[in-house]
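[1] pasting the sequence and the predicted coordinates here, then a few questions.
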2 protein chains.
Amino acid sequence: MAQAAARDSGPEVFEVFTPRQNAVLESALHLLVEGGDRALTTAGIARAANCSKESLYKWFGDRDGVLAAVVGYQASKVRVLGPGEMPGSLSSFREHLTRFADDLLAVLSGEASLALNRLAIGQASRADAKLGHLVLERGRRMIELRAGALLETGRRRGFLAYDDADEAYRALYGLIIGDFHVRQLLGDQLTSQEKDFKARARVAIGQFFKLYGTGAAAHATNARS
Amino acid sequence: MAQAAARDSGPEVFEVFTPRQNAVLESALHLLVEGGDRALTTAGIARAANCSKESLYKWFGDRDGVLAAVVGYQASKVRVLGPGEMPGSLSSFREHLTRFADDLLAVLSGEASLALNRLAIGQASRADAKLGHLVLERGRRMIELRAGALLETGRRRGFLAYDDADEAYRALYGLIIGDFHVRQLLGDQLTSQEKDFKARARVAIGQFFKLYGTGAAAHATNARS
DNA sequence: GCCGAACCGTACCGTACGGTACTATGTAAA
DNA sequence: TTTACATAGTACCGTACGGTACGGTTCGGC
């Protein structure tokens, strides 16, 4: 299983591409965002990037290789969320969590993210879902790691209380995203109210604290009732 | 906005098909589940269903018409969840909610649901996302209606307290599903633990009551601490 | 028995796409 | 200048698919 080779084997050296190749991938990504997977033909990519099909096949192997490279390229661009000096105060911690929620909503709502997720999901039925696993590894896993670190910090600081970290993460993610992601993947248009990510983030984090916050947290944020 | 045309316009008479046509759609659905959208070719459908391509075009117009008909066919099969005599006691209400959560997890994890969602999402980038809106209308909307009725009952009975029904629904859905749906759409395999829908449903409903339950609910179900 | 409608199976057509081969151009080293 | 290499551009091939046309068969109505 080539796609699972580097799963837990260290720093995971991902192949990096030359500037020229990155420019081609950028063109391909743009093409994908504009016209969907139907627009992402080898001839189309070559035309849009002013390169030859032969070069595409030389660099990326075949069409699937190009798609995988586009996924990797976009993932490397997002470089998810800030470095994260760990917060010391409760209000700062809460602010960090809210920022995380806001960023998450913004990233998942981005056109490139939606286009790539659509592409990967569309291919997930066949061929062992290579792209799907790639997106999961490069996208969701990064998010989970960052969220996990945040939560663990909160727990050690005494702001949060939970036994099952996975359960807490699931609740956090679910409260933030809900059916947001799938709706957008299906082409649903957001109402102007739904586009207020910051407000939604605040609500979600408030709910999360109600579930997993310690007494101090509930007191400081909700005035109890 | 064509996609919002029939939103609140009444009973919405959906075209129904002959038994023979339904059998063809069943074959097509089976084909889709097995091989993904690549397997869903007009020739393939005709072969699998022992019908002629000419009949397909006569009945459904074109390939997109067949896809739309398959979506409608599956949606009409699911006939989401029971009729729902409204519960009177708190424990009964909680049980209803848990059952709803369990059913929702099972339905969304079903192979047919996943295959159709993948198909619709894969096409959502192009062509105004006709299929995507169809899935949203026939799937998500039904779920939202049923959940909304449940929640409203709970509120009227005094088991729940909320101001914003949409917010409560979002929390409920998010706590139940989380990133479950998208992960499966991307081809992720569930762990055996994650396949225990009933357990997950109980946890999610417990969390939901912690957010929106009235005092009585918290007392009766959580022994308070 | 005859007729017409519906329909299956197959053959067919045009097109679009993945992938390969070949030529032309530019460029850096010798 | 010459040689080797990388790459753009294009032409080409095989295949697969959407869509159409047509002959043959079944079946209900008369």
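    Right, received. Where do you want to start? Fair warning: this is a prediction, and the values are worked out from it, not measured in the lab.
[2] residues contacting residue A:60?
    Contacts here follow C-beta atoms under 8 Å, 6 or more residues apart in numbering or on different chains; on that basis residue A:60 touches A:66, A:68-69. Any C-beta I mention is one placed from the backbone N, CA and C, and that applies to glycine too.
[3] hmm, who's touching the longest helix along chain A?
    Using DSSP state H, we find that the single longest helix of chain A is helix A:90-109. Around helix A:90-109, the neighbours that count as contacts under C-beta under 8 Å, 6+ apart are A:78, A:80-81, A:84, A:87, A:113-114, A:143, A:146-147, A:150, A:153-154, A:157, A:159, A:172, A:176-177, A:180-181, A:184, A:190, A:197-198, A:200-202, A:204-205, A:208-209, A:216-217, A:220-221.
[4] any of these buried? List them.
    A:81, A:87, A:113-114, A:143, A:146-147, A:150, A:153-154, A:157, A:159, A:172, A:176-177, A:180-181, A:184, A:197, A:200-201, A:204-205, A:208-209, A:217, A:221 (16 or more other C-beta atoms under 10 Å in any protein chain shown).
[5] buried residues in the helix or strand hosting residue A:44?
    Here residue A:44, judged by DSSP states H and E, is contained in helix A:42-49. Neighbour counts over helix A:42-49 (16+ other C-beta under 10 Å) mark A:44-46, A:48-49 as buried.
[6] could you list the contact residues of chain A toward DNA strand D?
    Proximity of chain A to DNA strand D (C-beta under 7 Å from any atom of the strand) is limited to residues A:18, A:20, A:46, A:50-55, A:58.
[7] how about a cut-off of 10 Å?
    Within chain A, the positions near DNA strand D by C-beta under 10 Å from any atom of the strand are A:18, A:20-21, A:23-24, A:42-43, A:46-59.
[8] which of those are close to DNA strand C?
    Near DNA strand C, by the rule C-beta under 10 Å from any atom of the strand, you find A:42-43, A:46, A:52-58 out of those.
[9] can you name the two of those that are farthest apart?
    Pairwise distances across these peak at 15.7 Å for A:43 and A:58 (criterion: C-beta to C-beta).
[10] which element, helix or strand, includes the residue lying closest to residue A:138 once chain neighbours are set aside?
    Sequence neighbours aside, residue A:75 is the residue nearest to residue A:138 in space, at 3.7 Å (criterion: C-beta to C-beta, 6 or more residues apart in numbering or on different chains). Applying DSSP H and E as the criterion places residue A:75 in helix A:63-78.
[11] packing partners of that helix?
    helix A:19-35, helix A:42-49, helix A:53-60, helix A:111-123, helix A:130-135 (3 or more C-beta pairs under 8 Å, 6 or more residues apart in numbering or on different chains; DSSP states H and E).
[12] mind listing what's buried in the third one?
    This points to helix A:53-60. Applying 16+ other C-beta under 10 Å to helix A:53-60 flags A:56, A:59-60 as buried.
[13] cool, the fourth one as well?
    If you call a residue buried by 16+ other C-beta under 10 Å, then helix A:111-123 has these buried ones: A:112-123.
[14] export the residues you listed to CSV and tack on distance to residue A:36 and pLDDT?
    Below are those laid out as CSV (distance: C-beta to C-beta, whole Å; pLDDT from 0 to 100):
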residue, distance to residue A:36, pLDDT
A:112, 13, 96
A:113, 14, 96
A:114, 10, 97
A:115, 7, 96
A:116, 11, 96
A:117, 12, 97
A:118, 7, 96
A:119, 8, 96
A:120, 13, 96
A:121, 12, 96
A:122, 9, 93
A:123, 13, 91
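[15] for those, which one is nearest chain B?
    residue A:122 (2.6 Å; C-beta to the nearest C-beta).
[16] for the closest one, which non-adjacent residue is spatially closest?
    Residue A:122's closest residue in space is residue B:122 (C-beta to C-beta, 6+ apart), at 2.6 Å.
[17] then residue A:134?
    Nearest residue to residue A:134 in three dimensions, chain neighbours excluded: residue A:71, at 5.1 Å (C-beta to C-beta, 6+ apart).
[18] list the contacts for the one you found?
    Residue A:71 sits next to A:116, A:120, A:131, A:134-135, A:138 when contact means C-beta under 8 Å, 6+ apart.
[19] reformat those residues as a markdown table; add distance to residue A:105.
    Formatted as a markdown table, these follow (distance: C-beta to C-beta, whole Å):
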| residue | distance to residue A:105 |
| --- | --- |
| A:116 | 17 |
| A:120 | 20 |
| A:131 | 23 |
| A:134 | 23 |
| A:135 | 18 |
| A:138 | 19 |
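[20] could I have the CA atoms of stretch A:41-56 written out in PDB?
    In PDB, the C-alpha atoms belonging to stretch A:41-56 read as follows (Å, rounded to 0.1, in the frame of the first residue of the first chain):
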ATOM      1  CA  THR A  41      -8.100  17.500 -18.200                       C
ATOM      2  CA  THR A  42      -4.500  17.000 -19.000                       C
ATOM      3  CA  ALA A  43      -4.800  19.000 -22.200                       C
ATOM      4  CA  GLY A  44      -6.600  21.700 -20.200                       C
ATOM      5  CA  ILE A  45      -3.900  21.900 -17.600                       C
ATOM      6  CA  ALA A  46      -1.200  22.000 -20.200                       C
ATOM      7  CA  ARG A  47      -2.900  24.800 -22.100                       C
ATOM      8  CA  ALA A  48      -3.600  26.800 -19.000                       C
ATOM      9  CA  ALA A  49      -0.100  26.500 -17.700                       C
ATOM     10  CA  ASN A  50       1.700  26.800 -21.100                       C
ATOM     11  CA  CYS A  51       3.400  23.500 -20.700                       C
ATOM     12  CA  SER A  52       3.300  20.300 -22.700                       C
ATOM     13  CA  LYS A  53       1.400  17.300 -21.800                       C
ATOM     14  CA  GLU A  54       4.600  15.300 -22.000                       C
ATOM     15  CA  SER A  55       6.100  17.400 -19.200                       C
ATOM     16  CA  LEU A  56       3.000  16.700 -17.100                       C
END
